[in-house]
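>>> here you go, sequence then predicted model.
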Amino acid sequence: MKSLMSLWSSVAEESATRCRTSATLDINTVKRRVKHEGLSFLTITLPDLGKATQKWIDQGWAGTHPSFEKDGSLPRFLGGYLSRVFDRNSGTLLDEPCIDSIIAIRQLTLMFGKLLFPCSPARERAAMRNYVKCEQDVRQVDKDLTQEDLDEFRSMSDLLFRELFTRMDYDVYYGRMLPKHGPGSVADGLTSNGKYRLRTWTRRLEEVFPSYEYLIPNLHFRAELDEVSILEPDAELPVKIVSVPKTLKTPRIIAVEPACMQFAQQALLRCFLGAYDRDELLPRLIGFDDQSPNQELARLGSVNNRTATLDLSDASDRVSNQLVRAMLSHWPHLDKAVDATRSRRADIQDIGVIRLSKYASMGSALCFPVEAMVFLTMIFIGIQRSLNVTITRKDLKSFVGSVRVYGDDLIVPVDHVLSIVQTLEHFGARVGLDKSFWTGKFRESCGREYFNGTDVSLVRVRQALPDTIADASEVISTVSLRNQLYTAGYWDTASWLDEKLVKVMKHFPIVSPTSSVLGRVSYSVDYQIDRMHPSLHSPQVRGYVVKAKAPSDKLGDTGALHKCLLRMEMRDFLRGAESNLSLVPCPRAISTSDESWKSSSRSPTGSQDEEHLERSGRPKRVDIRLGWSSP
């Protein structure tokens, strides 16, 4: 905590110089309150003030905050910066507020807001209770929605996704889907390679994803199906609800799906992405892998005030399965497949197993695309209600550039924002008004913040500062923090971090931003050269490189064949090649008499991934090793 306090003081002093004010009283205040309140002052109280000031900037006048005394109309704390943004007497936003002061206020209040420290047990229990409360809210919304509401939702989703759902329904009917096992945890506790020996399936999955096509390489191995347990709905393994670090205020709640569900979900996800890429309209309204369009629309909205940025609280946990079923009701094969891959129950720590009314929580492979489609449908219902006309497909295209969805980050037209907010709330979403902006010149979306077209984003501290080289994750995070601060113009603070890191690392060279070496970026020198490679004659530098090795997880026999064939089909899928093998997980055209797969584990992508049958899964830890590498 002492090193974090010193880091805050360094940023405060440098910000004060940039903004031509003094940080002495602010530093003394923080030291005093940290001494009495502990780390929560930096990680909870200050971020609460930061969120409040964001809202003040958006609404055009400063309010009060219960944790800080006022001096005139402004808090006394950070008063030197606040008075360059707001009028101290009236509290109104200045006609030309100081951009550097806005950046300083945000940096000093929010920089520790997402420190990845575990919450207290009491806060974790509160988060679990909130999960149950969300479930109760979803059930209540389901009861309150009328048939007219559901018909309107179905009609709008048909207008938006008719072509996409038709393609997906066709692929499901003909079995043109490619599943995948991911490296993450599953509720049944299987290892990464152990998932390829999966012998548990469900009756619901069997009707859409037959086990003879998904659990064995081909029918030559059909005798192994005798080992497969087909679970009836009431015997299915529930998702396991767990918490992972997010902030000290509250953890992130995610659902760990059973392996069979995750496997089939990945097949539907690939089916969805293939249809999505071929759609002419949807890629311009929904994003999945590129946040920059949302960020650019937020920047433009901060200038022309034509678009608003909305943030949803507990977004995925408030998407009703009733709405998803209504959305898919005209495509019976797709509807059945999506329902079959949905877990119906959740096992919550200290609470027990409950039945779910939500579609899915974070952890389901389909959670992100399904919630995006549901929210996009709600947005256009809100626009339709605001216009009081029936929207056509041509009308949808006219909103490209003013409507875009990326997860729970929404871009919507300011002219219809009140109707959209009401519609979102009516269908069960919860709009976070403290992180939604449409009144003034402030906008926030997908991790970037803008005021009147200027990027006022901050640099966040994610980990504690390291004490020794053994603190590998802290070293990696602090090197990244140092380079982000340097790029953001906090050169004195970056130098202060340099001194701390050199004591820990010994070797901390100047490198380019693309180097794998843990080093310093610099505007004065491109990179440091310590020697030339003895045989390649290319520059090298001595420094630490991150090493992460997958855990030992041996796979052989049928499971190894199954994995290799899936990886081969993945290669063809990614290349877009039309092979003689259909995009199903069981290429029967491959002869089982050829047993060369047993002696070779070469990656089908052409790379020398010779250990994927020996090691697999997410590394349990990361290490940093000293050596010679390219700068």
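That came in fine, so what should we check first? As the structure is a prediction and not an experimental result, all values here were calculated from the model. Numbering: from 1, shown residues only.
>>> name the residue closest to the centre of this structure, please.
Gly407 (8.1 Å; Cα atoms, centre = their mean).
>>> quick one: pLDDT of that residue?
Model confidence at Gly407, given as pLDDT, is 89.
>>> now do the contacts for it.
Gly407 is in contact with Ala315, Phe368, Glu371, Ala372, counting by Cβ atoms under 8 Å, 6 or more residues apart in numbering. Every C-beta, even on glycine, is put in place using the N, C-alpha and C of the backbone.
>>> if you set the cut-off to 7 Å instead, what comes out?
If a contact means Cβ atoms under 7 Å, 6 or more residues apart in numbering, then Gly407 has Ala315, Phe368, Ala372 as its contacts.
>>> of those, which is the nearest to Ala187?
Distance to Ala187, by Cβ to Cβ, is smallest for Phe368 among those, at 19.2 Å.
>>> with adjacent residues omitted, what lies nearest to the closest one?
Gly407 (6.1 Å; Cβ to Cβ, 6 or more residues apart in numbering).
>>> show the backbone phi and psi for that neighbour.
phi 60, psi -120 (degrees, to the nearest 10).
>>> likewise Ser320?
Summarising the backbone geometry of Ser320 under the convention degrees, to the nearest 10, its torsions are phi -80, psi 140.
>>> per-residue pLDDT, it?
The predicted structure scores Ser320 at 97 on the pLDDT scale.
>>> bridged to it, which residues?
Ser320 forms beta bridges with Lys358, as assigned by DSSP bridges.
>>> hang on, isn't it packed against Lys143?
No. Between Ser320 and Lys143 no contact is recorded; they are 10.6 Å apart, counting by Cβ atoms under 7 Å.
>>> who's more crowded, these two?
Neighbours were tallied for Ser320 and for Lys143 using other Cβ atoms under 10 Å; the higher tally belongs to Ser320 (21 against 8).
>>> OK, contacts around the more buried one?
Applying Cβ under 7 Å, 6+ apart to Ser320 gives the contacts Val138, Val141, Asp142, Ser357, Lys358, Tyr359, Gly428.
>>> return the members of these classed as buried.
The neighbour count (16 or more other Cβ atoms under 10 Å) marks Val138, Val141, Asp142, Ser357, Lys358, Tyr359, Gly428 as buried among the contacts of Ser320.
>>> in this protein, where is pLDDT below threshold?
Counting by pLDDT under 70, the chain contains low-confidence residues at 571-610.
>>> longest helix in it, by number of residues?
Longest among the helix segments of the chain by residue count, using DSSP state H, is helix 147-173.
>>> and the next helix or strand past that one?
Downstream of helix 147-173, the next assigned helix or strand under DSSP states H and E is strand 200-202.
>>> mind listing the strands for the stretch 451-600 of the chain?
All strands of the stretch 451-600 of the chain, identified by DSSP state E, counting those that start in this stretch, fall at 454-455, 531-532, 539-547.
>>> contacting residues around the last one?
Meaning strand 539-547. 476, 505, 507, 509, 511, 516-519, 528-533, 622-631.
>>> also the second one?
Outside strand 531-532, the residues that touch it by Cβ under 7 Å, 6+ apart are Ser538, Pro539, Gln540.
>>> specify which member of the residues you listed is nearest to Arg20.
For these, the residue nearest Arg20 by Cβ to Cβ is Pro539; the value is 42.2 Å.
>>> which members of the contacts of strand 539-547 are positioned in helices?
Judged by DSSP H, the contacts of strand 539-547 include Ile476, Met505 as members of helices.
>>> give me the buried entries from the contacts of strand 539-547.
Listed as buried from those are Ile476, Met505, Pro509, Val511, Val517, Leu518, Gly519, Gln528, Ile624, Ser629, Ser630, Pro631; burial here means 16+ other Cβ under 10 Å.
>>> farthest-apart pair in those residues, please.
Greatest spatial distance among the buried ones among the contacts of strand 539-547 (Cβ to Cβ): Ile476 and Gln528, at 19.3 Å.
>>> quick check: domain ranges of this structure?
For the chain, the domain assignment from automatic domain parsing gives the residue ranges 2-110, 121-188+237-451, 472-547.
>>> compute the first-to-last residue distance for the last one.
Read it as domain 472-547. Domain 472-547 has its terminal residues 10 Å apart, counting by Cα to Cα, to the nearest Å.
>>> and Met261, which of the strands of the stretch 451-600 of the chain is closest to it?
strand 539-547 (32.6 Å).
>>> list the contacts of Tyr81.
For Tyr81, the residues meeting the contact criterion (Cβ under 7 Å, 6+ apart) are Cys19, Thr21, Ser101, Ala104, Ile105.
>>> 8 Å instead, please
Applying Cβ under 8 Å, 6+ apart to Tyr81 gives the contacts Ser15, Cys19, Thr21, Cys98, Ser101, Ala104, Ile105, Leu108.
>>> for Val502, same thing?
Going by Cβ under 8 Å, 6+ apart, the list of residues near Val502 reads Phe508.
>>> report the contact partners of Arg204.
Counting by Cβ under 8 Å, 6+ apart, Arg204 touches Pro233, Glu236, Asp339, Ala340.
>>> buried among the residues you listed? Make that a PyMOL selection.
Once 16+ other Cβ under 10 Å is used to decide burial, the buried members of the contacts of Arg204 can be selected in PyMOL as follows:
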select buried, resi 236+339+340
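>>> report the two of the contacts of Arg204 separated the most.
Every pair of these checked by Cβ to Cβ; the farthest is Glu236 and Asp339, at 12.6 Å.
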